[in-house]
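>>> Build me a model:
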Amino acid sequence: MVYLVQIYNECVNDLINASNKNLDVRESIQGIYINKLTEKTVSDAAEVLQYMEQGDEVRNVAETKLNEASSRSHTVFRINIQSKPVEDSEGKIKISQLNLVDLAGSEGVNKTHADGLRLREGSNINRSLLALSNVINKLSQGNGKTFINYRDSKMTRILQASLGGNSKTAIICTMTQTLSNYQETVNTLHFGQKAKHVKTKVNVNEISLLNSSATSSVELERANSLIAELRERVKFFENQMLAPV
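Numbers count the residues shown, from 1 in each chain. Now for the predicted structure:
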């Protein structure tokens, strides 16, 4: 299964179904999820690339003083992977997620000379990057007692498990050698240095198909029993209402 979203002006928008906008980020026992998001089943690399290219075509980009096609949003492309060794006779499968994240670059108004919508976009980009930097900074302290606020940004909320959970994370920092962007380069290097100190504990996510099937059967039986009971109650109250007084 794959999904592709962009965080544009702190709104989560579906890039596979472009009309699906301003989606809610929620939490359940299974973890963080995006409500009403379009997910597609894929079976090979070609299908994965197809959805990636499709999403890239509708992602928000615009011209600024520094870039002809500047990204105006952050994007998250998630692939849910299930694998099972051929020789495994116990029916166990491994479940994992691969998150490919493209962050929009930080912007200084004195360089982009942005105003109106471009200024609003840049402000939201910088705000979410600051939230990410704060999360990385807290995680790098590694004492287990520091409160980490993932809710300051939609992006950090969506990536909560990838940043500080059961995961391996790689961050690619891009920068320029021009002296005019010296401060941005220094900030990027500081961010990368902090990220290197974040420690995560990686465990294999493995479930048994046999146990899963058995559990599903029990839950289905309970649900059918409850539905039958509710139908009996509805029928009883209908008869009471129709009975002559």
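>>> And the contacts of stretch 130-145?
103, 146-150, 152-153, 155-156, 163-164, 191, 194-195, 197-199 (C-beta atoms under 8 Å, 6 or more residues apart in numbering). Any C-beta I mention is one placed from the backbone N, CA and C, and that applies to glycine too.
>>> Select from these every entry located in helices.
Counting by DSSP state H, the part of the contacts of stretch 130-145 found in helices is 155-156, 163-164, 191, 194-195.
>>> State the pair within those that is farthest apart.
Checked with C-beta to C-beta, the ones in helices among the contacts of stretch 130-145 reach their widest spread between M155 and K194, with 16.9 Å between them.
>>> More neighbours: the two, which one.
Counting neighbours by other C-beta atoms under 10 Å for M155 and for K194 shows that M155 has the greater number, 26 against 16.
>>> I figured the more buried one hits V76, correct?
Yes - the pair M155 / V76 is scored as a contact, 7.4 Å apart, by C-beta atoms under 8 Å.
>>> which residue is nearest the centroid of this structure?
The residue lying closest to the centre of the chain (C-alpha atoms, centre = their mean) is I158, at 3.7 Å.
>>> For that residue, grab phi and psi.
Here the main-chain torsion angles of I158 (degrees, to the nearest 10) amount to phi -60, psi -40.
>>> quick one, what contacts it?
5, 7, 12, 25, 32, 34, 76.
>>> Go through these and name the one nearest N239.
For these, the nearest to N239 is I34 (44.6 Å; C-beta to C-beta).
>>> For the closest one, which non-adjacent residue is spatially closest?
L23 (5.2 Å; C-beta to C-beta, 6 or more residues apart in numbering).
>>> how about the helices of this protein, start to end?
So, for the chain - with DSSP H - the helices run 45-58, 109-112, 116-141, 154-158, 160-164, 182-196, 209-242.
>>> Compare those helices and give me the one nearest S96.
helix 160-164 (11.3 Å).
>>> elements contacting that closest one?
For helix 160-164, the packing partners by 3 or more C-beta pairs under 8 Å, 6 or more residues apart in numbering; DSSP states H and E come out as strand 31-34, strand 92-102, helix 116-141.
>>> Name the residues of the second one that are buried.
Which is strand 92-102. V101 (16 or more other C-beta atoms under 10 Å).
>>> any idea of the mean pLDDT in it?
Across strand 92-102, the average pLDDT comes to 87.
>>> Parallel or antiparallel, which strands does that strand pair with?
strand 74-83 (antiparallel), strand 206-208 (antiparallel) (DSSP bridges).
>>> do you know how far S43 is from V5?
As judged by C-beta to C-beta, to the nearest Å, S43 and V5 stand 22 Å apart.
>>> Check L179 too.
With C-beta to C-beta as the criterion, L179 and V5 are 36 Å apart.
>>> again with S180
Taken as C-beta to C-beta, the span from S180 to V5 is 33 Å.
>>> repeat for V186
Distance from V186 to V5, by C-beta to C-beta: 31 Å.
>>> Show me which of these two is the more surrounded one.
V5 (26 against 11).
>>> Tell me if I'm right that the more buried one and K36 touch.
No - counting by C-beta under 8 Å, V5 stays clear of K36, with 11.5 Å between them.
>>> okay if I get the helices and strands packed on helix 160-164 as TSV plus distance to A62?
Shown next, in TSV, are these (distance: least, C-beta to C-beta, whole Å):
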stretch	distance to A62
strand 31-34	24
strand 92-102	16
helix 116-141	6
